[in-house]
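**Q** Would you be able to build a 3D model of this:
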Amino acid sequence: MVESTSVVIPAFNEAASIGSLVTNLRAAGHWHEVLVIDDGSTDETATRAAAAGARVVHHPYNKGNGAAVKSGIRRATGTFVLIVDADGQHPAADATRLVAHLDAYDLVVGARMSHTQAGAARRAGNAFLNWIASYLTEQPIPDLTSGFRAARRECLLEFLHLLPNGFSTPTTTTLAFMKAGYSVRFVPIEAGRRQGESKIRLGADGVGFLLILLKLITIFSPLRIFLPISAASFLVGAGYALWTIVTQSHVTNSSVLLILFSVVVLLVGLISEQISSLRFEGRS
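**A** Model prediction:
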């Protein structure tokens, strides 16, 4: 597996960690290739990556973590792709553990143990996203946002057009693989302390993650969104109508509008579900 795997490392101003990361990865296994995608760095990221033995792909300016991952997937020539964050959080020994499962699984995610995730606010935010994603996909997701993952390259290419240029590539790939029916495995890992400053901002990027989560589910399984909204509107409208009949002997316009709204939402959800099913017709 290792010999058929291309390692993709998106990096932006990670000179402090990129050299040792590449060196440790090359010592851990005989990879097909190690690609560092220098996403417009202004420090010595590219120089140190090349000195450690990686093939460096340059972006002329900073495009975003997701854009760097997409460049790496396009440039990779291995059967499998291992994506590793450049901040030094992921031990090189765990890379071979993830890749070892690719004989039976299409996507293998390094699920960080909760106590190794930095900051209480970050842990709480990730736990909330994991809970939402587990509900929407109807499958347990212990770590939705881990950037440490390995997959079959042909499967990644299938969803390349869905990947955002920002920090939501892990979220997108996890949900896309699960909703498409591919086999996904989560392997527990202990993440180390990152070197340098995190590029993720909890407020802005957290909202972005949530929006992309909802967007992907409306693409792959829209009724998981539309049906609860429709049911809640109908129950409120019907309950209010019964209350006004008993207390005022008539049905108010508000009750009628809520019930009609629930019907419209349900119909839109059914149409969206049919459109979603068409997406997978003729898939290889």
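**Q** from memory Ser230 sits against Gly269, does it?
**A** Yes. Ser230 is within contact range of Gly269, at 6.5 Å (criterion: Cβ atoms under 8 Å). Where C-beta positions appear, they are placed from N, C-alpha and C, glycine not excepted.
**Q** For the spatially closest residue to Gly88 that is not a sequence neighbour, grab phi and psi.
**A** Take Gly88 and drop its neighbours on the chain: the residue closest to it by Cβ to Cβ, 6 or more residues apart in numbering is Ser17, 3.6 Å away. Main-chain torsions, Ser17, degrees, to the nearest 10: phi -120, psi -20.
**Q** wait, isn't Ser17 in contact with Ala86?
**A** Yes. Counting by Cβ under 8 Å, Ser17 touches Ala86, with 6.3 Å between them.
**Q** So between those two, which is more surrounded?
**A** Neighbour count, other Cβ atoms under 10 Å: between Ser17 and Ala86, Ala86 has more, with 31 against 19.
**Q** quick one: contacts for Thr244?
**A** Counting by Cβ atoms under 8 Å, 6 or more residues apart in numbering, Thr244 makes contact with His250, Val251, Thr252, Ser255.
**Q** Show me which positions of the helix or strand hosting it end up buried.
**A** Thr244 is located in helix 223-248, with elements delineated by DSSP states H and E. For helix 223-248, a neighbour-count test (16 or more other Cβ atoms under 10 Å) marks Leu223, Arg224, Ile225, Phe226, Ser230, Ser233, Phe234, Val236, Gly237, Tyr240, Ala241 as buried.
**Q** got the residue ranges for the strands in the protein?
**A** 5-11, 33-39, 55-59, 80-83, 107-112, 149-152, 184-189 (DSSP state E).
**Q** how about these in CSV, adding distance to Thr45?
**A** Below are those laid out as CSV (distance: least, Cβ to Cβ, whole Å):
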stretch, distance to Thr45
strand 5-11, 5
strand 33-39, 6
strand 55-59, 9
strand 80-83, 17
strand 107-112, 22
strand 149-152, 21
strand 184-189, 24
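**Q** Can I get the ones you listed in a markdown table including mean pLDDT, mean neighbour count and distance to His90?
**A** Converted to a markdown table, these look like this (pLDDT from 0 to 100; neighbours: other Cβ atoms under 10 Å; distance: least, Cβ to Cβ, whole Å):
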| stretch | mean pLDDT | mean neighbour count | distance to His90 |
| --- | --- | --- | --- |
| strand 5-11 | 96 | 27 | 10 |
| strand 33-39 | 96 | 25 | 14 |
| strand 55-59 | 96 | 16 | 20 |
| strand 80-83 | 97 | 28 | 10 |
| strand 107-112 | 92 | 24 | 6 |
| strand 149-152 | 96 | 24 | 10 |
| strand 184-189 | 93 | 19 | 7 |
